[in-house]
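Asker: quick one, structure for this:
(2 chains)
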Amino acid sequence: QIQLVQSGPELKKPGESVKISCKASGYTFTDYAMHWVKQAPGKGLKWMGWINTYTGKPTYADDFKGRFVFSLEASASTANLQISNLKNEDTATYFCARDYPYVMDAWGQGASVTVSS
Amino acid sequence: DVVLTQTPPTLSATIGQSVSISCRSSQSLLDSDGDTYLNWLLQRPGQSPQLLIYSVSNLESGVPNRFSGSGSETDFTLKISGVEAEDLGVYYCMQATHALWTFGGGTKLELK
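Answerer: I've put the predicted structure just below:
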């Protein structure tokens, strides 16, 4: 069955970087785009953007341009999210989700990132 | 960006009660291909979101038929006909018609 398995929790200091992975299984990775969604503690879902898993081209929502990078390890069926120069407001759970298309039909379990000095 | 406004933000219901959640869009969600990419998701406490309904009214496989969706253009509704305990959590609408996808603010369904 379709599975998206994300990397474990991270504790970082302000100014550091973090890389979150999302490993897909149960389908052909390059046939479906991958989205990233942020959920701050106690808050709603916020769409960050998506990456075309066939071409590697990323698209970012306005609030996630600059410090956020989507990338792929297609041979490993893995999508990555890297956040640089971490700020306290980056503390959140980050989800990857498959684009069916036009709908996120499968979700990872979420990866927690805590930024604290 | 398209703004999705969900009401109410919180909904209290008893088991067996029917409830509705509204989602209003700042722009039409009718795509040039004729489809309307408005979806509904449920996030149970401590879990990842899961897809309930796609393209306004299509039930995702495995989702009970007490869930139904309706609407067009800018006004959409999710209805639960007979709330069950497993339905508690936060419901989100989201649009995929416009290039930059967006979520509604969420509606928390709790037991009265």
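Asker: let's check: the centremost residue of the chain is which one?
Answerer: Looking at chain A here, since you left the chain open. Chain A has A:Trp36 as the residue nearest its centroid, 4.0 Å off, counting by C-alpha atoms, centre = their mean.
Asker: hmm, no, I was thinking of chain B.
Answerer: For chain B, the residue nearest the mean C-alpha position is B:Trp40 (3.3 Å; C-alpha atoms, centre = their mean).
Asker: didn't that one look like it was pressed against B:Leu52?
Answerer: Yes - applying C-beta atoms under 8 Å, one finds B:Trp40 in contact with B:Leu52, separated by 4.7 Å. C-beta coordinates here come from the backbone N, C-alpha and C atoms, glycine included.
Asker: which residues are common contacts for the two?
Answerer: Residues touching both B:Trp40 and B:Leu52 (C-beta atoms under 8 Å, 6 or more residues apart in numbering or on different chains) are B:Phe67, B:Gly69, B:Leu78, B:Tyr91.
Asker: these in strands, which ones?
Answerer: B:Phe67, B:Gly69, B:Leu78, B:Tyr91 (DSSP state E).
Asker: tell me the bridge partners for the last one.
Answerer: It stands for B:Tyr91. Using DSSP bridges, the bridge partners assigned to B:Tyr91 are B:Leu42, B:Thr107.
Asker: list the contacts for it?
Answerer: Contact analysis of B:Tyr91 by C-beta under 8 Å, 6+ apart lists B:Gln6, B:Ile21, B:Trp40, B:Leu41, B:Leu42, B:Gln43, B:Leu52, B:Leu78, B:Gly106, B:Thr107, B:Lys108, B:Leu109.
Asker: just checking, B:Leu11 touches B:Lys112?
Answerer: No - B:Leu11 lies out of contact with B:Lys112 (C-beta under 8 Å); the separation is 9.3 Å.
Asker: who has more neighbours, these two?
Answerer: Using other C-beta atoms under 10 Å in any protein chain shown as the criterion, B:Leu11 and B:Lys112 rank with B:Leu11 on top: 18 against 9.
Asker: up against chain B, what does chain A have?
Answerer: A:35, A:37, A:44-47, A:50, A:59, A:61-62, A:95, A:97, A:100-105, A:107-110 (C-beta under 8 Å from any C-beta of the partner chain).
Asker: can you pull out the strands in chain B?
Answerer: Using DSSP E, strands in chain B cover B:4-7, B:10-13, B:19-25, B:38-43, B:50-54, B:58-59, B:67-72, B:75-80, B:89-95, B:102-103, B:107-111.
Asker: excluding sequence neighbours, find me the nearest residue to the residue nearest to the centre of chain A.
Answerer: Nearest non-adjacent residue to A:Trp36, counting by C-beta to C-beta, 6 or more residues apart in numbering or on different chains: A:Met48, 4.2 Å away.
Asker: can you give me the neighbour number for the one you found?
Answerer: 22.
Asker: please apply the same query to A:Thr78.
Answerer: Neighbour count of A:Thr78, defined by other C-beta under 10 Å: 20.
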